[in-house]
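K.L.:
the following block contains a protein sequence and its predicted model.
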Protein chains: 2
Amino acid sequence: MVGAFAVLGEASRLRILEHLRGAECSVGELVDRLGMSQPAVSKHLRVLREAGFVSSRIAAQQRIYRIEPEPFAELEHWLAQYRRLWDRHLDALERHLDNQE
Amino acid sequence: MVGAFAVLGEASRLRILEHLRGAECSVGELVDRLGMSQPAVSKHLRVLREAGFVSSRIAAQQRIYRIEPEPFAELEHWLAQYRRLWDRHLDALERHLDNQE
DNA sequence: CAGGCATATAACCGGTAGGGCATGTTCAGA
DNA sequence: TCTGAACATGCCCTACCGGTTATATGCCTG
C-alpha cells in the first residue's frame, strides 16, 4: 500500500496519470505535453507500470500507455478504512444495512 | 495533491495513521508501538500535521495526536476522478463472470 | 525553584530517487 | 540491408529524506 502512495507522491507521475485519464497516449505525446526528456518520462512510466497503474501495448514503433484500474480500487479500499472519520452518516448507514441481513 | 501522496508514501507514517485510526495517542505511546526513536516519530508527526492529516492538543507534558478527516476527504475527491475507470472494470468483470455461467 | 519527564528541534550522515546525457534495441520503410 | 524513428536502459550527479545522537523547550512535582 505504501508503495502505491510513493508512486503517486511525485508530481510528474501524477501529471502522466492525468493525461492518461482522458485517453491512452504514446510516450512521445507525453514527452511533448510534459516538457521533460524522453528518458525521464520512460522511467516514470516504468515505475507506474511496475506498480500496476498503467499498462502498455505495442503499436509499430510506439508504446501506447493506458491506465489500469486495479490500483485505484485498492486505494479506494484503503481509504474506506478511514471514511467513517469524515462521513459518520455513511457509517451509520452501513450498520443499518448490516442489521438488515 | 501530490504532497498528500508523498506524505502517505512512507511506511512509518502509514503505521502512525493506522494507530491513530483506532484512538488518539500520545507521542510516547507511538514511540513504544513503532519501535522507533522519539525524534523520528516527532518528525513524522510534524510532516503529518503540516499536511493536515493529524492535529495535536496539549495535555500536561504530553501532546495527544489525533487524525483529521479533511485530507482523506480530498483523497476521496481526487480518487473520484478515476473511479469510473474501475467501475467500468468491475462492470466488465461482472459481465465476464456472468458469461462464465 | 530545582529536577525530571515528554516532546520538539538541530546537526549530521548514508541511502536513494529523479534528472540529464549517451547508448542500446526494435521496427518500419526505402 | 541500411537508416532513422520511437522507446528503454545504464551511468553519473545532485538533492532530498529518513534515521540517529545531542540539545533545547516546556510543564508538572517535590
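P.N.:
Noted; the coordinates are in hand.

K.L.:
need the contact list for the residue nearest the centre of chain A.
P.N.:
Closest to where the C-alpha atoms of chain A average out (CA atoms, centre = their mean) is A:F53, at 4.7 Å. Contact analysis of A:F53 by CB atoms under 8 Å, 6 or more residues apart in numbering or on different chains lists A:A4, A:V7, A:L17, A:I67, A:E68, A:P71, A:F72. C-beta here means a position set from N, CA and C on the backbone, and glycine is covered the same way.

K.L.:
kindly recompute the last result at 7 Å.
P.N.:
A:V7, A:L17, A:I67, A:E68, A:P71 (CB atoms under 7 Å, 6 or more residues apart in numbering or on different chains).

K.L.:
which of these has the largest number of neighbours?
P.N.:
Among the contacts of A:F53, A:I67 has the most neighbours (other CB atoms under 10 Å in any protein chain shown), with 23 neighbours.

K.L.:
tell me what that one is bridged to.
P.N.:
Beta-bridge pairing for A:I67 (DSSP bridges): A:V54.

K.L.:
hang on, it packs against A:L20?
P.N.:
Yes. With contact defined as CB atoms under 7 Å, A:I67 and A:L20 form a contacting pair (4.8 Å).

K.L.:
between these two, what contacts are shared?
P.N.:
A:V54.

K.L.:
rewinding a little: just send the contacts of A:F53 back as a markdown table, with distance to DNA strand C and pLDDT too.
P.N.:
Supplementary listing: the contacts of A:F53 in a markdown table, determined by distance: CB to the nearest atom of the strand, whole Å; pLDDT from 0 to 100:
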| residue | distance to DNA strand C | pLDDT |
| --- | --- | --- |
| A:V7 | 8 | 98 |
| A:L17 | 14 | 98 |
| A:I67 | 19 | 97 |
| A:E68 | 19 | 96 |
| A:P71 | 16 | 96 |
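
K.L.:
so where is chain A shaky, pLDDT-wise?
P.N.:
The model of chain A has pLDDT under 70 over residues A:87-101.

K.L.:
tell me the phi and psi of A:A59?
P.N.:
Backbone torsions for A:A59, taken as degrees, to the nearest 10, come to phi -130, psi 100.

K.L.:
what bridges to it?
P.N.:
Per DSSP bridges, the residues bridged to A:A59 are A:Q62.

K.L.:
check which helices and strands the top helix by length along chain A is in contact with.
P.N.:
Counting by DSSP state H, the longest helix found in chain A is helix A:70-86. Counting contacts by 3 or more CB pairs under 7 Å, 6 or more residues apart in numbering or on different chains; DSSP states H and E, helix A:70-86 is packed against helix A:2-8, helix B:70-100.

K.L.:
can we see that at 8 Å?
P.N.:
helix A:2-8, helix A:88-100, helix B:11-22, helix B:70-100 (3 or more CB pairs under 8 Å, 6 or more residues apart in numbering or on different chains; DSSP states H and E).

K.L.:
which ones are touching A:A4?
P.N.:
Going by CB under 8 Å, 6+ apart, A:A4 touches A:A51, A:F53, A:P71, A:E74, A:L75.

K.L.:
which of the contacts of A:F53 sits closest to A:R46?
P.N.:
Nearest to A:R46 among the contacts of A:F53, counting by CB to CB, is A:V7 at 10.8 Å.
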